[in-house]
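J.: Using only what follows, build the 3D model:
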Amino acid sequence: MSYSKLRQQHRLHILLAFIIISLFNFSTCRYSTKDVSLPAEVKTFRVNYFENKAQYVNTQLSPQITEKLKQKIINTTRLRQTNDDNADYDISGYVSQYFTSTISITGSNSSGNRLTVGFHLIFINKLDEKKNFEADLLRTIDFPAEQSLTALEQQRTTDIVSNIVDEIFNKIFSNW
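T.: Below is the predicted model of the structure:
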C-alpha cells in the first residue's frame with residue numbers, strides 16, 4: 001500500500017473515532033430540571049411578608065428573609081410566584097425570637113455570647129391539606145463577649161438570613 005493511501009486511511013480512522021466519541025458524549029447528556037420534590041399539579045407559590053414579632057427587632061431580618069426565600073424558590077424550582085390567595089403553596093410566618101445570652105464566663109466576666117434567632121413557619125398546601133404544617137426553626141451564633149451585637153449583625157446578618165432561608169426551603173421542599 002502506498003504512503004498516501006495509508007495516510008488517507010489513518011485520517012478516515014481518526015474521523016470515525018471522533019464521530020463515535022461525539023455520539024457517546026451526546027448520548028450521555030443528562031436532562032436536568034428545576035424541580036425539587038414537587039408534584040406535577042403544583043404550579044404556584046406565595047410568600048407572605050414575614051413579620052418580626054421578637055422582643056428585640058432587627059429591622060433588616062424580616063424583609064431580607066422574605067425576599068431571599070422568594071428568590072430561592074424562583075431559582076430552584078419551576079414554581080411561578082403569585083400574590084393571589086389561591087396559590088398552590090402559601091408560605092407565611094414570623095421572626096419569633098431574637099435575643100442574646102451569655103454562654104461562657106471566665107472569672108466574673110462573660111467571655112462568650114450567643115445570638116438566638118427563632119422563626120415560626122406556616123405552610124399551607126392548597127392541593128393537599130394533609131401536607132399543611134407549622135414548625136419552629138432555631139438558629140444560634142456564638143460570638144466573643146467583647147464583640148457588640150451591632151457589630152455581629154453587620155458581619156453576620158447575611159449568614160443568618162441564608163441559614164434561615166435554607167432551613168425554611170428544606171422544610172417545605174425536601175422529603176426528609
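
J.: worst-scoring helix or strand of the protein, pLDDT-wise?
T.: Ranking every helix and strand in the chain by mean pLDDT, DSSP states H and E puts helix 3-27 at the bottom, with a mean of 57.

J.: the helices in this protein, which residues?
T.: Here the chain has its helices, by DSSP state H, at 3-27, 61-76, 149-173.

J.: in the second one, what counts as buried?
T.: Residues Leu61, Ser62, Gln64, Ile65, Thr66, Lys68, Leu69, Lys70, Lys72, Ile73 are the ones in helix 61-76 that count as buried (16 or more other CB atoms under 10 Å). Quick note: C-beta positions are derived from backbone N, CA and C, even for glycine.

J.: now swap in stretch 116-135 and tell me
T.: Applying a neighbour-count criterion of 16+ other CB under 10 Å, one finds Val117, Gly118, Phe119, His120, Leu121, Phe123, Ile124, Asn125, Lys126 buried in stretch 116-135.

J.: Give me the domain ranges for the chain.
T.: 1-30, 41-173 (automatic domain parsing).

J.: one step back: which one among the buried residues of helix 61-76 gets closest to Gln55?
T.: In terms of CB to CB, no member of the buried residues of helix 61-76 lies closer to Gln55 than Leu61, at 13.2 Å.

J.: re the thing from before, can you lay out the buried residues of helix 61-76 as JSON lines showing pLDDT and distance to Ser104?
T.: Shown next, in JSON lines, are these (pLDDT from 0 to 100; distance: CB to CB, whole Å):
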{"residue": "Leu61", "pLDDT": "94", "distance to Ser104": "25"}
{"residue": "Ser62", "pLDDT": "95", "distance to Ser104": "30"}
{"residue": "Gln64", "pLDDT": "97", "distance to Ser104": "29"}
{"residue": "Ile65", "pLDDT": "97", "distance to Ser104": "29"}
{"residue": "Thr66", "pLDDT": "97", "distance to Ser104": "34"}
{"residue": "Lys68", "pLDDT": "98", "distance to Ser104": "31"}
{"residue": "Leu69", "pLDDT": "98", "distance to Ser104": "33"}
{"residue": "Lys70", "pLDDT": "98", "distance to Ser104": "38"}
{"residue": "Lys72", "pLDDT": "97", "distance to Ser104": "34"}
{"residue": "Ile73", "pLDDT": "97", "distance to Ser104": "38"}
